[in-house]
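Undergrad: My questions are about this predicted structure, shown below with the sequence.
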There are 2 protein chains.
Amino acid sequence: MLLLRTLASPINPADINQIQGVYPSKPPFTSLLGTSVPSAVAGNEACFEVQSIGSSIKSVAKGDWVIMRSTGFGTWRTHALAEEKDILRVEKGGLTEIQAATVGVNPTTAWRMLVDFENLEGGRDWFIQNGANSGVGRAAIQLGREWGLKSINIIRDRKTPEETESMKKELLDLGATKVITESELQSRSTVSEIKEWTSGKNLKLGLNCVGGPVTLALVKTLSPGGHLVTYGAMSKQPLSLPTGLLIFKDLKFSGFWVSRWSDANSAEKEKTVESILQMTREGRFKDIPVQEMRWEWATEGERLVEAVGGGLEGFRSGKGVLVFGDT
Amino acid sequence: MLLLRTLASPINPADINQIQGVYPSKPPFTSLLGTSVPSAVAGNEACFEVQSIGSSIKSVAKGDWVIMRSTGFGTWRTHALAEEKDILRVEKGGLTEIQAATVGVNPTTAWRMLVDFENLEGGRDWFIQNGANSGVGRAAIQLGREWGLKSINIIRDRKTPEETESMKKELLDLGATKVITESELQSRSTVSEIKEWTSGKNLKLGLNCVGGPVTLALVKTLSPGGHLVTYGAMSKQPLSLPTGLLIFKDLKFSGFWVSRWSDANSAEKEKTVESILQMTREGRFKDIPVQEMRWEWATEGERLVEAVGGGLEGFRSGKGVLVFGDT
């Protein structure tokens, strides 16, 4: 066994869905936490520091950083006991705790979706995605830039044209090829521009975290034989598919869930995480904007509940991350 | 070139959609047919007899039977000129004209959908399909029976319980493992029966020619990781997919269009057609019930229009087939 001290743990929308009971996987409930009814610790990713280890453990040493191989461990806590098989050692040089804590879900999701569904060729192929300013979206933009994949990035229309332009610029600076708003996507001129950019045949992959009618407009831009991979449903609406798109346009529809993928592909996850962290060290992969919620012994419960509540709507200035002080 | 005489040509719903202009592929329009404006011949499959051949042609002889390699040739006619590359010779011994004329679309569709999307194992795996009494449905039932694949077959509720029972019996006699009505599929007890039959994990493939809300009930019976292949949309309604089925249940959605497949897989089509016809000769594959519409020189135009019109609603006593008399 290892005793771990938590350094940082993000607040992902899926964590909150899990607390709400609308998520298909649950952490184990136990009486060991000292609550009057069995309870569980929330949170699905974190960066931990190893505080002490059993004498038989050789793969990590005191002071090393580790992350969890799988989701569902319960990471919103100051300390944890873990088994060697549950953890993945992270070479901490050149990284912040937050970078290590946030690599396993969003950037890993983006990486696998770009690689595992269609065989995209750098310098030729494009992908299109909605929710492009999300953690996954920003990761996909940067991986695309590194691999020569051109991207069409859809964002929601902001309150003012200035805010829209500022968000577009932010994503273009990250390496986005094109950034368009949902309302631009609805216009015919944009649809024919997309056809020109992609020669009508090089847009084989779409990434979807929104669902509902606005996603149909994205689907219709895909080239014949293209593939839509769904990893989220921020609109909470189903995806409605005219069957002609399946039969005559030969589009394919799949889903990606990083928890299932990680459980089934442990070695591959290790490699993916290491590759992303190496890009991060070299300055080729920027972590997403975060809003730190510092945990101290004196932090009041209400503040924490508020921070977690904000995670579902999306923190205004970035993803929420619990950062643990002197524990 | 070859001069062909048409022996039989089915009336498929897609033929009529093509005439209506709502089908994505069109036969070539030409002035050679002697009409005042360019026109085209409808019909997409047929069995032809070779009447005469150019001296360079070795692959077929006078009197041989042939079918078209691809759809879109225009088969509702008494005679046709074709090139050697367009045709596929059919060994006629042991076959009727109608069996040869109807092999290329429906049975081929069923064969490829059972083989090309999921790796099903005889003796263990199941598939589920709607429109089970259609040409494709009946072919899938029989191929499943031959390959040891168990099938759950959904039919629409008939007007009377007797008619429903009679249709169930007909499909069970063909080799269906289970036959249920759409309303039975909506009941909880049937859904849990399906789980029992398939051990909750051996139902990896669904075949869909209906679409709309009734198809969602079918989709929900699929085992995790399952695949729905859509080849028709008789309800004319889109398929609405709760995204959780994509993300958490890992279901996949594709389409199959036999025209596209045939154009891209000519050698494989030849093998598939030969295999089905061999099963037919051996009495292991029954053609679907047909209603013959005999064409004679004296047949009135109105009768033909009526016969074609009936093809969209489905002939009451089977699929419509034009059978050409003494031409």
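TA: Noted; the coordinates are in hand. What you see is a predicted model; the values in this text were computed from it and never measured. Numbers count the residues shown, from 1 in each chain, chains lettered A, B, ... in the order given.
Undergrad: Please count neighbours and contacts with C-alpha atoms only from this point.
TA: OK.
Undergrad: the bottom helix or strand of chain A by mean pLDDT?
TA: helix A:301-313 (a mean of 77; mean pLDDT, DSSP states H and E).
Undergrad: Other residues contacting whichever helix or strand comes after it?
TA: Using DSSP states H and E, the helix or strand that follows helix A:301-313 towards the C-terminus is strand A:319-324. Outside strand A:319-324, the residues that touch it by C-alpha atoms under 8 Å, 6 or more residues apart in numbering or on different chains are A:6-12, A:76, A:78, A:98, A:135, A:288-296, A:307-308, A:310-311, A:314.
Undergrad: From those residues, which land in strands?
TA: Of those, the ones assigned to strands by DSSP state E are A:6-10, A:290-295.
Undergrad: Tell me the predicted confidence for A:G314.
TA: With respect to pLDDT, A:G314 scores 55.
Undergrad: Who are the contact partners of the residue nearest in space to the middle of chain A?
TA: With distances taken as C-alpha atoms, centre = their mean, A:N106 lies nearest the centre of chain A, 1.7 Å away. Contact analysis of A:N106 by C-alpha under 8 Å, 6+ apart lists A:135-136, A:139.
Undergrad: What's the separation between A:T280 and A:G318?
TA: Distance from A:T280 to A:G318, counting by C-alpha to C-alpha, to the nearest Å: 18 Å.
Undergrad: An error on my part: the question was meant for A:I16.
TA: 16 Å.
Undergrad: Throw the ones in strands among the contacts of strand A:319-324 into TSV and include distance to B:T164 and neighbour count, thanks.
TA: Converted to TSV, the ones in strands among the contacts of strand A:319-324 look like this (distance: C-alpha to C-alpha, whole Å; neighbours: other C-alpha atoms under 10 Å in any protein chain shown):
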residue	distance to B:T164	neighbour count
A:T6	64	28
A:L7	65	25
A:A8	62	30
A:S9	59	29
A:P10	57	27
A:V290	61	17
A:Q291	62	17
A:E292	64	19
A:M293	64	20
A:R294	67	14
A:W295	66	21
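Undergrad: quick check, nearest of these to chain B?
TA: Chain B lies nearest to A:P10 out of the ones in strands among the contacts of strand A:319-324, by C-alpha to the nearest C-alpha, at 21.2 Å.
Undergrad: Spit out the contact partners of that closest one.
TA: Residues in contact with A:P10, defined by C-alpha under 8 Å, 6+ apart, are A:43, A:45-46, A:101-102, A:319-322.
Undergrad: would CSV of these with neighbour count and pLDDT be doable?
TA: Formatted as CSV, the contacts of A:P10 follow (neighbours: other C-alpha atoms under 10 Å in any protein chain shown; pLDDT from 0 to 100):
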residue, neighbour count, pLDDT
A:G43, 23, 94
A:E45, 28, 95
A:A46, 32, 97
A:A101, 26, 97
A:T102, 25, 96
A:K319, 22, 83
A:G320, 24, 89
A:V321, 25, 93
A:L322, 26, 94
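Undergrad: Make a markdown table out of those and add distance to B:N265.
TA: Putting the contacts of A:P10 into a markdown table (distance: C-alpha to C-alpha, whole Å) gives the following:
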| residue | distance to B:N265 |
| --- | --- |
| A:G43 | 50 |
| A:E45 | 47 |
| A:A46 | 50 |
| A:A101 | 49 |
| A:T102 | 46 |
| A:K319 | 49 |
| A:G320 | 52 |
| A:V321 | 53 |
| A:L322 | 56 |
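Undergrad: neighbours of whichever residue of the stretch 51-200 of chain A sits closest to chain B, just the number please.
TA: Nearest residue of the stretch 51-200 of chain A to chain B, counting by C-alpha to the nearest C-alpha: A:F117, 11.4 Å away. Residues lying near A:F117 (other C-alpha atoms under 10 Å in any protein chain shown) number 18.
Undergrad: A:I16 and A:G318: which has the busier surroundings?
TA: Neighbour count, other C-alpha under 10 Å: between A:I16 and A:G318, A:I16 has more, with 19 against 16.
Undergrad: Could you check which helix or strand contains the more buried one?
TA: For A:I16, the host element (DSSP H and E) is helix A:13-20.
Undergrad: and if you look at A:V229?
TA: Secondary structure (DSSP H and E) places A:V229 in strand A:227-230.
Undergrad: ok, and what's touching that strand?
TA: A:113, A:117-118, A:204-209, A:219, A:251-256, B:243, B:246-247.
Undergrad: Which ones among the residues you listed map onto strands?
TA: A:204-208, A:252-255.
Undergrad: neighbour-wise, which of those leads?
TA: A:L207 (30 neighbours).
Undergrad: and the closest residue to that one other than its chain neighbours, how far is that from A:L205?
TA: Residue nearest to A:L207 in three dimensions, not counting chain neighbours: A:Q129, with 4.5 Å by C-alpha to C-alpha, 6 or more residues apart in numbering or on different chains. According to C-alpha to C-alpha, A:Q129 and A:L205 sit 8 Å apart.
Undergrad: Same question for A:T30.
TA: For A:T30, the distance to A:L205 - C-alpha to C-alpha - is 42 Å.
Undergrad: what's A:W295 in contact with, if anything?
TA: A:322-325.
Undergrad: tally of neighbours for the nearest residue to it once chain neighbours are set aside?
TA: Using C-alpha to C-alpha, 6+ apart and skipping the chain neighbours, the partner closest in space to A:W295 is A:F324 (4.9 Å). Neighbours of A:F324 under the rule other C-alpha under 10 Å: 20.
Undergrad: measure A:F324 to chain B for me?
TA: 31 Å (C-alpha to the nearest C-alpha, to the nearest Å).
Undergrad: What distance do you get for that residue to A:P289?
TA: 18 Å.
Undergrad: Buried ones in the helix holding A:I16, by neighbour count?
TA: Within helix A:13-20, the residues that count as buried by 16 or more other C-alpha atoms under 10 Å in any protein chain shown are A:13-16, A:18.
Undergrad: Many thanks, we can stop here.
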